[in-house]
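K.L.:
Sequence plus the predicted model coming up.
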Amino acid sequence: MPLSRYADRTLQSWMNRADRKPLIVRGARQTGKSTAVRRLGESAPLFLELNFERHQDLALVQSCNSAEELLQRLQQHHNLVALPPGTLLFLDEIQEHPEALSWLRFFYEDFPEIAVVAAGSLLEVRLRDTPLPFPVGRVEFLRLEPLTFLDFLSATNDNKLAADLRSEFENPHGISAGLHHLAMERLRTFLVVGGMPEAVAKWEATRNSVEVARVHEALQQAYLEDLLKYGVRSGTKALQSVLAAAPAFYGSRYKQRHLVPGQKDRAITEAVDLLERAMVLHRARPTIHHRLPLLTREKAAHKLLPLDMGLALMQLGIRPEHLAQTAVESLLDGRIAEAFVGVQLLAGHAQRGRDLFFWTRESTSRSAAEVNFLLPSTHGVLPVEVKAGKAGTLKSLHQFLVASGGDVGIRLASTTGGVEELNVGLPNGENLKYTLRTHPLYLAELLV
């Protein structure tokens, strides 16, 4: 049974718009891009799919010189006088013939009645060495990450729990205790299974974490083999080294020389860049800014985030029994919780860019400060801290609010949550009045 997810509603909304543009769906391999588009095709008057990894489909595309000629050939092939309005044309694995990207402009300008979706797992990697004119302003983008926590609940027959958690998210008194307890149990399962569709389907079919681990191991090997086909300019050794070393840095900042000691910084930089282009891992960017636009602080250490928490925990050797005995925020000194939140923030906002920022202030004259994540909102930039329950201070969040002039902060923890109006005394003798919104960390994807 196909997995239902938030991306389905996003795709259907795009399909229903009169002003839609050709859509490029991006994401790592095996995140469910093709399945989601095929599911969308079930509601279209006609669904046509060309997979550029199939020799026959690629040969057809390469024999055409324009979008118009391709449509004519498809009509002939399917014995159609014309393609009905609302036809969905799916160009899958377009990275195998990226020249076809230029056709998207003409689909938009000359055939707006045809809905066109292009997908390519390694598109950015292929375009790295083969720059092509891109149809800027003539296309839209959707980024497909692994399933979010709420997607996972829906995919594993916990639809009611997912709906109840959504409805109580804005409750100023927090999530009800019974609902929270159940959600925390499901969170521990989600951390083991993750959001890769194949792993979720295996869990739903077997409820066996050993079987899920086999899926994760196969996916990890497939990513390595896939990426080694493209390689890095300085060789494949750095790429393999970074893939092996990255899990130890998930949820924390890293410097190139510490990531793989003994390797040249240039080779490591190139390998990390390739992995990020392929969306196999993410980097959260450091910034010193308090207002939009947020700009990356040059030469400051980035924060490393995994593609998927299930894959990450498999790589780190964290087993279900470890999760049962330890608070999520305590795993690896809190890095697992922070990595989870980062992944959920990226996956929950698939139509935004992939840049995720955190705030840092490193100074010899003043104490250092770091806010885990920053979120753009209609009220400015919101600081987000991941904390262990109500323990721990919020000094960095307070410093950010003072510097930015903001009056709302967000804390994510393994608590039921709630809203507090606080008046905090500062070291300089002044007071900071602000609203602290605390949410269970498993609902990070619902943040603005």
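P.N.:
Thanks, I have the structure now. Numbering: from 1, shown residues only.
K.L.:
so what's Met279 closest to, chain neighbours aside?
P.N.:
Ala28 (4.2 Å; C-beta to C-beta, 6 or more residues apart in numbering). (Each C-beta comes from the backbone N, C-alpha and C, glycine too.)
K.L.:
OK, contacts around the one you found?
P.N.:
By C-beta atoms under 8 Å, 6 or more residues apart in numbering, Ala28 lies in contact with Ser121, Tyr223, Ala278, Met279, Val280, Leu307.
K.L.:
How far away from the center of its chain is the lowest-mean-pLDDT helix or strand in the chain?
P.N.:
Lowest on mean pLDDT, DSSP states H and E among the helices and strands of the chain sits helix 123-129, with a mean of 72. Taking C-alpha atoms, centre = their mean, to the nearest Å, one finds helix 123-129 lying 19 Å from the centre of the chain it belongs to.
K.L.:
next one: stretch 106-123
P.N.:
Taking C-alpha atoms, centre = their mean, one finds the center of stretch 106-123 at 23 Å from the center of the full chain.
K.L.:
Mind exporting the C-alpha coordinates of stretch 378-386 to PDB?
P.N.:
C-alpha atoms of stretch 378-386 as PDB (Å, rounded to 0.1, in the frame of the first residue of the first chain):
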ATOM      1  CA  THR A 378       6.000  36.800   9.600                       C
ATOM      2  CA  HIS A 379       7.100  38.100  13.000                       C
ATOM      3  CA  GLY A 380      10.800  38.200  12.100                       C
ATOM      4  CA  VAL A 381      13.400  35.500  12.900                       C
ATOM      5  CA  LEU A 382      12.400  33.100  15.700                       C
ATOM      6  CA  PRO A 383      15.100  31.500  17.800                       C
ATOM      7  CA  VAL A 384      14.600  27.800  18.500                       C
ATOM      8  CA  GLU A 385      16.400  26.000  21.300                       C
ATOM      9  CA  VAL A 386      16.400  22.200  21.900                       C
END
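K.L.:
Most neighbours out of the contacts of Ala28, which is it?
P.N.:
The most crowded member of the contacts of Ala28 is Leu307, carrying 28 neighbours; neighbours defined as other C-beta atoms under 10 Å.
K.L.:
doesn't Leu281 make contact with that one?
P.N.:
Yes. Contact status for Leu307 versus Leu281: in contact at 5.9 Å, counting by C-beta atoms under 8 Å.
K.L.:
ok, back up a step: packing partners for the helix or strand following the least confident helix or strand of the chain?
P.N.:
Sequence-wise, the next helix or strand beyond helix 123-129 is strand 140-143, with elements assigned using DSSP states H and E. Helices and strands touching strand 140-143, as assessed by 3 or more C-beta pairs under 8 Å, 6 or more residues apart in numbering; DSSP states H and E, comprise helix 6-16, strand 23-26.
K.L.:
what do you get if the cut-off is 10 Å, keeping everything else the same?
P.N.:
helix 6-16, strand 23-26, helix 33-41, strand 115-119 (3 or more C-beta pairs under 10 Å, 6 or more residues apart in numbering; DSSP states H and E).
K.L.:
pLDDT on that strand, on average?
P.N.:
In this model, strand 140-143 has a mean pLDDT of 91.
K.L.:
Buried ones in it, by neighbour count?
P.N.:
Neighbour-count burial for strand 140-143, counted by 16 or more other C-beta atoms under 10 Å, picks out Glu140, Leu142, Arg143.
K.L.:
Contacts only, for the second one.
P.N.:
Right, Leu142. Going by C-beta atoms under 10 Å, 6 or more residues apart in numbering, Leu142 touches 7, 10-11, 14, 23-27, 33, 36-37, 117, 119, 350-351.
K.L.:
Was I right to think Leu182 contacts Ala162?
P.N.:
No. Using C-beta atoms under 10 Å, Leu182 is not in contact with Ala162; the gap is 11.2 Å.
K.L.:
Looking at these two, which one has more neighbours?
P.N.:
Ala162 (20 against 16).
K.L.:
Assumed that one was part of a helix.
P.N.:
Yes. Assignment of Ala162 by DSSP: H, G, I helix; E, B strand; the rest coil places it within a helix.
K.L.:
Fine, thanks again, bye for now.
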